[in-house]
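A.B. asks: okay, structure incoming, though there's no sequence with it:
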């Protein structure tokens, strides 16, 4: 039997006690005025009081099904593990002004609070606020670097190439060489010669791997999908440039044909076809003519002798390990057979004479080694023509092609070159693997090796819209509409069941940017089918036995784990999708819009009721400041975080015990507009998530699934946001070529879902909408406002139409100037611009608007297309 004491600071009305895995033997008030009903386990008190309980048949061992006491009052409700109650560390829930300790602890409420406070401890987030503001350099020094393979391709066309330098790759054989792997979107290319194994071409620049690893890689201009690598092998410097272009045709918008979207979809890992879609795909393949020309990997290496004496340079031509091949030194051709050429090679403009060469170079002399690998082997006659291609011309065509991609998107100038380049390179990475036919029709918004997913493709599509690439966004959304089932269900990947709501959300976001009523009218029948599908699903769950455990909530799988529960993430996407749908139909069908909004609000209320009930019955956990805080499960049917195992189970997945709680948990309800950022429940979720499931405020395993950075910005918690922002990108993105992994253990390269959320974080740190206010620079670091630095966005896309802003710091002369220009008649009512002084000083005068020193921001009423403010310090 164990005795516990519950101490309240103030009066309590209509209290009740329940216990799981145990019994309450007795209870009494030690002090205070109140009543306790031992039969019904109810109580109330008029003043501060101490209620002591004796619990029998308790289970306080490690593991599942431990005794939990739940306390409910008119003011609040909470639960705690009986085994967690100790004298040394009382359970102090400061938000509820209640303490739980052992009966032997005679201290009163104020004494215990004083003891806790006198220790001067802080929560993780409070400590973060006292630290210096995070930077990329500090984050990079504290986190491990990951190197990713390079993905190069044509855009729209599934024929891409993956390459590694100096021992990168998936297996021991990969790590012996420099490597190139042709891919069809998410799948490796299989050749008849490779016997069911994905083909990999291995080669070597220089002598090979050694005790030094002197390799650097960079994208052309820091942004284009053209890789520039430098390998320093003692005195020889090997400078490699590689890109993908056509076998014969110049690479341009007019020559780019692309890949039919259903074919591209079929090459994405996890794709799902209905029987009708399968039949359409098979008919498409039957009618598809053979490829007239291949995509080609073009590589040129300039080896230069930097010594003062002659030195050798070495080149080993591409080959396939353990596959029979021949080499024609007169033509420079690597062949599987006489009519299946897999590489064309040249040394100093002439055919490479043999598969491996050593060239003696005088001091300062260079040798130029080129090889061209077609995506599929080609005939000897075509290979000879390919060998005549001029690398310099093909390179210029490729640069011009990718430069044209940026011309109609947001222009970006930031004080931090890395972030500026990552935003531009990120757009290229998203566009590179958005597959479909040109110039119109659906695009598959692939996410690395995986096909499009309504949820994971959301940040990709929304970033397209953010930079003004609205056509890309619309075509990507059309993919999900074209893949919609007859029932209205949108499901394209791996059994995921949240795609309908998530896709509707992205459609609603696209509408907020474009206000394209013609587009809405065109897709309206599909939108209505999706609405009815979601409502039928919800109606099946309006069952009384689900009260408190997911009444009215959808059940289903949200991600990879086979968790078919009433998850908050799944239901939040359904709600926000319906809410955006109501917005989309407001002008064209007001009655239907109002009905949808009414249904959405009813769903929202059921989610909120379920969430509050789940928080009430979930055990509290300790924070770093000595207080305790309520928690929550990721779905309505469980008690507390899965990682605390109240109801048992084995929940570790994807390299983390915390993945289900952290990455698929209830924090999503904030960005899904079920919870407000400043609600008490949001604070609970944010705090316990940080303390249990984060390192350096970055979630474990697949961290960009966690949406807490957006919440920090909405709450004005810039330091917390920057901690996540810099540590996330420093640890998961390649620090040279900016490509993201999915996980920290080198799983799933070129993961554009992760990169998409990073890009949206960049967008949010620069601007966010809030009602009729455009908030500028809510998340930038102070260092960006040092003297002489400029932040410039030209034709950024927003809910208020396109706009530009230029922020200039002249801080040595005591001023900052911000100029904002709008290009549509959808002006916001106000602009709130945050202009943080590098040393934290407050402005003494604003030339326009109202200055808030606590928020370091100016709020300006917008009355014309151009607004300017000068802050003086």
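C.D. replies: Received, thanks. Owing to the predicted nature of the structure, the values given are computational and were not obtained by experimental measurement. Residues are numbered from 1 along each chain as shown.

A.B. asks: hang on, isn't residue 787 packed against residue 815?
C.D. replies: No. Applying CB atoms under 8 Å as the test, residue 787 and residue 815 come out as separate, 10.2 Å apart. In this view, the C-beta of every residue, glycine as well, is placed from N, C-alpha and C.

A.B. asks: what about these two, which has more around it?
C.D. replies: Relative neighbour count places residue 815 above the other of residue 787 and residue 815, with 16 against 11, counting by other CB atoms under 10 Å.

A.B. asks: quick check: the more buried one touching residue 872?
C.D. replies: Yes. Judged on CB under 8 Å, residue 815 makes contact with residue 872 at a distance of 5.2 Å.

A.B. asks: so residue 125: helix, strand or coil?
C.D. replies: Of the three states, residue 125 takes helix under DSSP: H, G, I helix; E, B strand; the rest coil.

A.B. asks: number of residues surrounding it?
C.D. replies: With other CB under 10 Å as criterion, residue 125 counts 22.

A.B. asks: do the one 4 residues further on as well
C.D. replies: Residue 129 is flanked by 13 other residues according to other CB under 10 Å.

A.B. asks: could you say which helix or strand holds it?
C.D. replies: In the assignment (DSSP states H and E), residue 129 maps to helix 124-130.

A.B. asks: now that helix: buried residues?
C.D. replies: Across helix 124-130, burial judged by 16 or more other CB atoms under 10 Å covers 124, 125, 128.

A.B. asks: TSV for these, including distance to residue 59 and pLDDT?
C.D. replies: As requested, the buried residues of helix 124-130 are exported to TSV (distance: CB to CB, whole Å; pLDDT from 0 to 100):
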residue	distance to residue 59	pLDDT
124	31	95
125	33	96
128	37	94
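
A.B. asks: which of the residues you listed lies closest to residue 536?
C.D. replies: Of all these, the one with the least separation from residue 536 (CB to CB) is residue 125, at 41.6 Å.

A.B. asks: quick one: that closest one and residue 625, what's the gap?
C.D. replies: Remark: distance between residue 125 and residue 625 (CB to CB, to the nearest Å) = 10 Å.

A.B. asks: next: residue 606.
C.D. replies: Distance of residue 606 to residue 625, computed by CB to CB: 34 Å.

A.B. asks: try residue 94
C.D. replies: With distances taken as CB to CB, residue 94 is found 9 Å from residue 625.

A.B. asks: and what of residue 702?
C.D. replies: Noted for residue 702: a distance of 29 Å to residue 625, by CB to CB.

A.B. asks: which of those two has more residues huddled nearby?
C.D. replies: Set side by side, residue 702 and residue 625 show unequal neighbour counts under other CB under 10 Å, the larger going to residue 702 at 26 against 21.

A.B. asks: wait, what's in contact with that one?
C.D. replies: Neighbour list for residue 702: 654, 659, 663, 742, 743, 754 [criterion: CB atoms under 8 Å, 6 or more residues apart in numbering].

A.B. asks: with residue 452 instead?
C.D. replies: Residues counted as contacts of residue 452 (CB under 8 Å, 6+ apart) are 265, 268, 444, 445, 446, 476, 479, 480, 492, 493.

A.B. asks: which of those residues sits closest to residue 459?
C.D. replies: For residue 459, the closest of the contacts of residue 452 turns out to be residue 445, at 9.8 Å, with distances computed as CB to CB.

A.B. asks: need phi/psi at the closest one.
C.D. replies: The phi/psi pair for residue 445 (degrees, to the nearest 10) reads phi -80, psi 80.

A.B. asks: next, count neighbours for it.
C.D. replies: Residue crowding around residue 445 was assessed by other CB under 10 Å; the count is 33.

A.B. asks: hang on, the earlier thing: show me what the helix holding residue 129 is packed up against.
C.D. replies: On a contact count with 3 or more CB pairs under 8 Å, 6 or more residues apart in numbering; DSSP states H and E, helix 124-130 meets helix 680-693, helix 718-732.
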